[in-house]
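# show me how the following folds:
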Amino acid sequence: MIGTITAMLLATSAHADPAGDDANFLRSLDRLGITYQSPDSVIASGRAVCQLLDEGKTQKDIVQQLRQANPGFTLNSAKNFAVVAATAYCPQYL
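Okay, here's the model as predicted:
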């Protein structure tokens, strides 16, 4: 839900250099020109996409929620974010 993604975006955690799936996720976002303020928060948001998929949300639902939580997202950037997140964290949904 929107609240889930918003909470993930606002969550703070101790900063550590990303590795593995997290590093790949951040590199993919960078390649697509999707900017973020905090690696930890955007990683949490990427993982939240998988939680939403686990709950049976559709791609359309997730894209809509991403755009509502991130007004700067275009339709295309929200779709790209969702695909990059699924690729990194839950490829079984692709």
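
# show the end-to-end separation of stretch 24-41, please.
15 Å (C-alpha to C-alpha, to the nearest Å).

# so how far is it from its chain's centroid?
9 Å (C-alpha atoms, centre = their mean, to the nearest Å).

# pull out the buried residues from that stretch.
For stretch 24-41, burial by neighbour count (16 or more other C-beta atoms under 10 Å) applies to Phe25, Leu26, Ser28, Leu29, Ile34, Tyr36, Pro39, Asp40, Ser41. Yep, even glycine has a C-beta here, placed from its N, CA and C like the rest.

# what's the helix or strand for Asn80?
Taking DSSP states H and E as the criterion, Asn80 maps to helix 75-89.

# show me what counts as buried in that helix.
77-89.

# which of those residues lies closest to Val49?
Set against Val49, the nearest of these by C-beta to C-beta is Ala85 (3.8 Å).

# any chance of the buried residues of helix 75-89 in JSON lines, plus pLDDT and distance to Asp21?
As requested, those are arranged in JSON lines below (pLDDT from 0 to 100; distance: C-beta to C-beta, whole Å):
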{"residue": "Ser77", "pLDDT": "97", "distance to Asp21": "21"}
{"residue": "Ala78", "pLDDT": "97", "distance to Asp21": "20"}
{"residue": "Lys79", "pLDDT": "97", "distance to Asp21": "20"}
{"residue": "Asn80", "pLDDT": "98", "distance to Asp21": "17"}
{"residue": "Phe81", "pLDDT": "98", "distance to Asp21": "15"}
{"residue": "Ala82", "pLDDT": "98", "distance to Asp21": "16"}
{"residue": "Val83", "pLDDT": "97", "distance to Asp21": "15"}
{"residue": "Val84", "pLDDT": "98", "distance to Asp21": "11"}
{"residue": "Ala85", "pLDDT": "98", "distance to Asp21": "10"}
{"residue": "Ala86", "pLDDT": "97", "distance to Asp21": "11"}
{"residue": "Thr87", "pLDDT": "97", "distance to Asp21": "9"}
{"residue": "Ala88", "pLDDT": "98", "distance to Asp21": "5"}
{"residue": "Tyr89", "pLDDT": "98", "distance to Asp21": "6"}
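
# nearest to Gln59, of these?
Nearest member of the buried residues of helix 75-89 to Gln59, counting by C-beta to C-beta, is Ala82, at 6.3 Å.
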